[in-house]
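K.L.:
Here is a sequence with its predicted model. Questions after.
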Amino acid sequence: MTESIVLQRRQGPVLVLTHNNPASRNALSPAFYAALQQALQAAAQDDAIDAIILTGEGGHFCSGGDLRQLALRRTLSEAERLQKIEALHATIRSVQACPKPVIAAVEGAAAGAGMSLALACDMLVVATNAVFSAAYVKVGLSPDGGATAFLAERVSRQLMTQWCLTGERISGAQLHGFGAVNRLAEPGQALAQALELAAQCSGGPHQAMAAIKALCLQAPHQSVADQMAMEAALMVQAQASEESREGIAAFLEKRPADFVRLRKPTTGPL
Ligand SMILES: C/C=C/C(=O)SCCNC(=O)CCNC(=O)[C@H](O)C(C)(C)COP(=O)(O)OP(=O)(O)OC[C@H]1O[C@@H](n2cnc3c(N)ncnc32)[C@H](O)[C@@H]1OP(=O)(O)O
């Protein structure tokens, strides 16, 4: 039996998704795109899952596009090449469209589109030995997977341009210095730290958290007026929700809020 390209493990209400292609340092593949999208869609529907961690098997997060496959792309038509890029982009969108927080736990390399995938996540836990690189330039390519959008959210245009033009390696510690990282972990501890962070997001109000994720994703990309319009639209919904009824009642009754009982009963194993 062939092993899954995305390993799935539940730790309480946290789903850990592990890219399992260590022989190529977790280079990207159509099978990975399909499996990750499917896992995220299933997790979105599963009320027992509060947060998702994305990580890589074998000490590396992801080495980006598969260079053996990319070498063959020149023989494809422009439309076919676009279709392949779109498969990556659909995967990036699926991370951001998932209503649950997705946390990247990064050890080792996050190169090229592997860096894009890590930066697409809602939160980032990196080991000090993690190495990010916009490696595209090294192989004569320009960035994709949202790399330039995600870098622009985190650092100046000058620095982003330098990183993309040189493909230089950026350590986990460096990224942490730019405030681009939620937690900096000792080597080998990124997943453990990500699980701690995920635990902080557990037991919360799912609808409100989905609204918060959507707001945080849009904030760097729209005007204050548009952002406030989006906040208003979501707040109108939130104020009428069972979640806010429970949260406010719990405060007034001096007891912990119980958002979990508002969810549908789970069908899957915990
Ligand atoms: C559409 C998307 C485009 C892009 O993302 S463009 C950017 C593509 N990515 C890169 O250019 C990064 C290439 N990889 C590396 O720089 C290094 O690797 C790492 C830093 C990730 C890891 O270095 P180390 O631990 O020393 O491993 P190793 O000996 O270089 O590689 C081990 C095996 O993994 C294969 N491999 C690594 N990255 C890729 C890749 N991106 N695509 C296909 N295979 C890859 C190698 O070839 C080799 O394989 P074998 O053992 O058979 O010699």
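P.N.:
That came through fine. Numbers count the residues shown, from 1 in each chain.
K.L.:
In this protein, what helix or strand scores lowest on average pLDDT?
P.N.:
Least confident helix or strand of the chain, by mean pLDDT, DSSP states H and E, is helix 172-177 with a mean of 93.
K.L.:
Name the residues of that one that come out as buried.
P.N.:
Neighbour-count burial for helix 172-177 flags 172, 174-176 (criterion: 16 or more other C-beta atoms under 10 Å). (C-beta placed from N, C-alpha, C; glycine too.)
K.L.:
what do you get for stretch 109-128?
P.N.:
Residues of stretch 109-128 classed as buried under the neighbour-count rule (16+ other C-beta under 10 Å) are 109-127.
K.L.:
first vs last residue of that stretch, how far apart are they?
P.N.:
Here the two ends of stretch 109-128 are set 11 Å apart, with distance taken as C-alpha to C-alpha, to the nearest Å.
K.L.:
Give me the mean pLDDT for that stretch.
P.N.:
For stretch 109-128, mean pLDDT is 98.
K.L.:
how near is the residue positioned nearest the centre of the chain to A104?
P.N.:
What sits nearest the mean C-alpha location of the chain, by C-alpha atoms, centre = their mean, is C121, with 2.1 Å. From C121 over to A104 the distance is 4 Å, taken as C-beta to C-beta, to the nearest Å.
K.L.:
what's the overlap in contacts for those two?
P.N.:
Taking C-beta atoms under 8 Å, 6 or more residues apart in numbering as the contact rule, C121 and A104 both touch L54.
K.L.:
before we move on, what SS does the closest residue to L191 other than its chain neighbours have?
P.N.:
The shortest distance from L191 to any non-neighbouring residue, by C-beta to C-beta, 6 or more residues apart in numbering, is to A105 (4.6 Å). Following DSSP: H, G, I helix; E, B strand; the rest coil, A105 is assigned to strand.
K.L.:
do the one 5 residues further on as well
P.N.:
Under the three-state scheme (three-state DSSP), the conformation of A110 reads as strand.
K.L.:
Quick check: the gap between it and A211.
P.N.:
A110 sits at a distance of 29 Å from A211 (criterion: C-beta to C-beta).
K.L.:
And the contacts of the helix or strand A249 falls within?
P.N.:
Using DSSP states H and E, A249 maps to helix 242-252. The contact list for helix 242-252, computed with C-beta under 8 Å, 6+ apart, reads 205-208, 238, 256-259, 262.
K.L.:
hmm, which of those are the buried ones?
P.N.:
Those of the contacts of helix 242-252 that meet the buried threshold are 205-208, 238, 257, 259, 262, by 16+ other C-beta under 10 Å.
K.L.:
Any stretches of this protein with poor pLDDT?
P.N.:
For the chain, applying pLDDT under 70 flags the ranges 1-2, 265-270.
K.L.:
mind listing what L151 touches?
P.N.:
Here L151 is in contact with 119, 134, 160, 163-164 (C-beta under 8 Å, 6+ apart).
K.L.:
got the residues of the chain near the ligand?
P.N.:
Residues of the chain lying close to the ligand by C-beta under 6 Å from any ligand atom are 24-25, 27, 60, 63-68, 88, 109, 111-113, 135-136, 138-139, 141, 144.
K.L.:
Quick one: buried ones out of these?
P.N.:
Counted by 16+ other C-beta under 10 Å, those give 25, 27, 60, 63-66, 88, 109, 111-113, 135-136, 141, 144 as buried.
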